[in-house]
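J.: Pasting the sequence and the predicted coordinates here, then a few questions.
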Amino acid sequence: MKFDGAVVIGAGPAGLWAAESLGLAGVTVWIFDQKPSLGRKFLVAGRGGLNITHSEELDQFASRYDNPKRWQGMLQQFPPGRLKSWYEELGVPTYVGTSGRVFPRTARAPEILERWLERLYELGCDIRLGYKFHQLSINGRSLEVVFQKGQDYSPVNASAVVFGLGGASWPQTGSDGLWTQQFADMGIRINPFSPSNVGWEYNWSPKFLSVADGKPLKNLAVSCAGQRVRGELLITRYGLEGGALYQLGRRLKVDSSIEIDFKPDLTDEELRKRWREGLSLQDAAAQCWRLSSAAIALLEEVMKPTDFNSFLAAVRRCKLRLNHPRPIAEAISSAGGIDWAEFDDHLMLRRFPGVFCAGEMIDWDAPTGGYLLQGCFATGKIAGEGAVKWIAQGAEA
């Protein structure tokens, strides 16, 4: 197939935003995805309430990423406020939750995706499903992408190509990481994938699980390797999940020991004043300190306090050494992917002029809280606009 325009491969948030950037510039765009439907990871992310971005100041926002200096510059090109405005343009009002996270006020992920696709169709984007990337070749400014559909192979020629093939988490959505071999064969440096925003395993006793399995632990402070965060945890049959762990993900890879403060808003003196003698440790913790049954069970499981002083110490510094993270297929996101040294400032591959990448196929990492989607949208915009400039330069040549 001859094609004088841009090809976007991968119809997740990064790829779709790149396609929109190209379409807004008047470039003809074909979008290819290997799955029979698109936006699957976007839809999965919206199952528990679509956290689209965060409301904090840009400096603090950038500090959540693995390389704050790099992300400071990238987020200036596509700040969180611009993403909120884009949702408003789709007819999706947003609101800021008590945690500072930003959510759609009414619309859910399927409706938002439908409105987004209508917008892309209006821009003239052509979407083709069931096409799996097979190989890429380049001859001067001419790019040829070969796709596999069933047993057939289809070559497509384009002026620019944007890849948004995802990382290696949630492979059922299409982010299976299998593209890495093709890119490695092209001489592109790939850093190994590892799970991010993922649960960690811990060997609970059957007695503890009979009381606490599936129970949340709220209003905690959790520390790891010198970093302290506020958040929640969820007890699971295999260990722990939750936003507090996700924020500490990079530290946990270095040191899997954590320390939980179950009452971070109260001083030791305040806790002492609230304590009432004459009750069992468990009853006093529940009635005086309002600890949940799951929290009390965890303290007894891990720290085994025998009196008030040891119980207070356990509440303040409950120490666990976690075993290892859950498999990457269960992770919300993944770290690893194409090394940043392979790209220029427009996210174009230096070895393959006219070829751009976006989203989680690039090696970056961030916690949940709106940072993942913001990162995908930002890289999609930068890559898409980079492809627009590349095509314009070719037209002028």
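T.: Now that the structure is in, tell me what you want to look at.

J.: Give me the distance between residue 273 and residue 266.
T.: Residue 273 sits 10 Å away from residue 266, going by C-beta to C-beta, to the nearest Å. C-betas here are computed from N, CA, C, even on glycine.

J.: Settle it for me: which of the two has more neighbours?
T.: More crowded of residue 273 and residue 266, by other C-beta atoms under 10 Å: residue 266, with 16 against 10.

J.: check which helix or strand covers the more buried one.
T.: For residue 266, there is no helix or strand it lies in under DSSP states H and E.

J.: swap in the one 10 residues further on?
T.: Residue 276 belongs to no helix or strand when assigned by DSSP H and E.

J.: Now do the nearest residue to it once chain neighbours are set aside against residue 281, distance only.
T.: Distances taken as C-beta to C-beta, 6 or more residues apart in numbering put residue 288 closest to residue 276, at 5.5 Å, once the chain neighbours are dropped. When C-beta to C-beta is the yardstick, residue 288 and residue 281 sit 11 Å from each other.

J.: Between those two, tell me which one has more neighbours.
T.: Neighbours were counted for residue 288 and for residue 281 using other C-beta under 10 Å; residue 281 has more, 18 against 15.

J.: Surely the more buried one touches residue 312?
T.: No - Residue 281 is beyond contact range of residue 312, at 10.3 Å (criterion: C-beta atoms under 8 Å).

J.: Domain parsing of the protein, as residue ranges.
T.: Domain assignment of the chain by automatic domain parsing yields the ranges 6-195+332-396, 200-321.

J.: Could you dump those into CSV with mean pLDDT added?
T.: Converted to CSV, the domains of the chain look like this (pLDDT from 0 to 100):
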stretch, mean pLDDT
domain 6-195+332-396, 93
domain 200-321, 96
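
J.: Pick the most deeply packed of these.
T.: domain 6-195+332-396 (a mean of 19; mean count of other C-beta atoms under 10 Å).

J.: Residue 73 belongs to a strand, doesn't it?
T.: No - using DSSP: H, G, I helix; E, B strand; the rest coil, the assignment for residue 73 is helix, not a strand.

J.: quick one: contacts for it?
T.: Neighbouring residues of residue 73 by C-beta atoms under 8 Å, 6 or more residues apart in numbering: there are none.

J.: please renumber so the chain begins at 241
T.: Renumbered: residue one is now 241, and that last one reads residue 313.

J.: Next one: it relative to residue 532, how far apart?
T.: 43 Å.

J.: Over to residue 373?
T.: Counting by C-beta to C-beta, the gap from residue 373 to residue 532 is 48 Å.

J.: One more: residue 332?
T.: 36 Å.

J.: Tell me how far the residue nearest to residue 516 lies from residue 542.
T.: Using C-beta to C-beta, one gets 21 Å for the distance from residue 528 to residue 542.

J.: Could you do residue 511 as well?
T.: Distance from residue 511 to residue 542, by C-beta to C-beta: 19 Å.

J.: before we move on, what about residue 269?
T.: 54 Å.

J.: Mind telling me what element the residue nearest to residue 314 when sequence neighbours are not counted is part of?
T.: Once flanking residues are discounted, residue 314 sits nearest to residue 618: 5.3 Å by C-beta to C-beta, 6+ apart. Assigned by DSSP H and E, residue 618 falls within helix 611-636.

J.: go on, residue 270?
T.: Using DSSP H and E, residue 270 falls in strand 269-273.

J.: what about the nearest residue to residue 592 once chain neighbours are set aside, which SS state?
T.: Distances taken as C-beta to C-beta, 6+ apart place residue 378 nearest to residue 592, at 5.6 Å, with adjacent residues excluded. Secondary structure state of residue 378, per three-state DSSP, is strand.

J.: Show me what residue 378 is bridged to.
T.: residue 383 (DSSP bridges).

J.: Quick check: it vs residue 397, distance?
T.: Taken as C-beta to C-beta, the span from residue 378 to residue 397 is 11 Å.

J.: And residue 479, how far from residue 492?
T.: Distance from residue 479 to residue 492, counting by C-beta to C-beta: 12 Å.

J.: so what sits against both of those two?
T.: Common neighbours of residue 479 and residue 492 (C-beta under 8 Å, 6+ apart) are 440, 562.

J.: what sits in contact with each of residue 378 and residue 397?
T.: Contact criterion C-beta under 8 Å, 6+ apart; residues shared by residue 378 and residue 397: residue 384.
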